[in-house]
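**Q** quick one, fold the following:
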Amino acid sequence: MGDFLTIYETLAFTRKGEVEMVDHGIDLSKVISDLFILGGVTDHITPWKATYRSTQLFGSDSVTYVLSQSGHMQAILNPPGNPKAKYYVQADGEAPLPPTAEEWLKGTEEVAGSWWPLWISWVQQRSGKKKKAPAKLGSKDFAPLDPAPGRYVMEPC
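**A** From the prediction side, this is the model:
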């Protein structure tokens, strides 16, 4: 817990290579995979402007930022069919994200409904072809340990 608080207090991830975990330096600018980052308008734990700043820390050329019109948990748990749901997304989805949250917000469009369908589409565009699930679990090298849901679920605490 102390390490987490130190990273939080010092904003260490904002300084390239200054964080070390398990003998490895962490430099978020080296992360080049596509990113989908979500914030919540009224999130009191991770304020949306702080989550937006994370879009500028990574080395990816493809970052999608979505701002859900809810608080901390409600921003995430906002399924399709919720009549009150809405979110904001950059109007020109192909343009690079601007450096500040304020600039980004000026270039957004409000979308009625849950952000989940947008995320599903985003994931599907980056996924391979669908294939059938294996008929049985494990492989010749890795046998399954226990049937679902797993032994740890059934063991008393």
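**Q** drop to CA atoms for contacts and neighbour counts, all remaining ones
**A** Fine.
**Q** span of stretch 101-119 from start to end?
**A** 20 Å (CA to CA, to the nearest Å).
**Q** err, stretch 19-26, not the other one
**A** Where stretch 19-26 begins and where it ends lie 5 Å apart, using CA to CA.
**Q** same question for stretch 109-117.
**A** End-to-end for stretch 109-117, by CA to CA: 16 Å.
**Q** which other residues reach that stretch?
**A** Residues outside stretch 109-117 that contact it (CA atoms under 8 Å, 6 or more residues apart in numbering) are 66, 68, 78-91.
**Q** ok, His44 - contacts?
**A** Gly71, His72.
**Q** same question for the one 5 residues further on.
**A** When contacts are counted by CA under 8 Å, 6+ apart, Lys49 touches Ala101.
**Q** does it count as helix, strand or coil?
**A** helix (DSSP: H, G, I helix; E, B strand; the rest coil).
**Q** how about the most centrally placed residue in the chain, nearest residue that isn't a chain neighbour?
**A** Among the residues of the chain, the one closest to the centroid is Ile37, at 4.5 Å (CA atoms, centre = their mean). Counting by CA to CA, 6 or more residues apart in numbering, Ile37 lies nearest to Tyr65, which is 4.8 Å off, once chain neighbours are set aside.
**Q** enumerate the positions of stretch 78-90 that are buried.
**A** Asn78, Ala85, Lys86, Tyr87, Tyr88, Val89, Gln90 (16 or more other CA atoms under 10 Å).
**Q** ok, stretch 61-78 next?
**A** 62-72, 75-76, 78.
**Q** strands of the protein, start to end?
**A** 19-21, 24-26, 35-40, 63-68, 86-90, 108-112 (DSSP state E).
**Q** using a markdown table, lay out those strands together with mean pLDDT.
**A** What follows is these, written out as a markdown table (pLDDT from 0 to 100):
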| stretch | mean pLDDT |
| --- | --- |
| strand 19-21 | 74 |
| strand 24-26 | 79 |
| strand 35-40 | 95 |
| strand 63-68 | 96 |
| strand 86-90 | 96 |
| strand 108-112 | 96 |
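**Q** got TSV for the ones you listed, with distance to Pro98 too?
**A** Below are these laid out as TSV (distance: least, CA to CA, whole Å):
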stretch	distance to Pro98
strand 19-21	26
strand 24-26	24
strand 35-40	14
strand 63-68	11
strand 86-90	10
strand 108-112	11
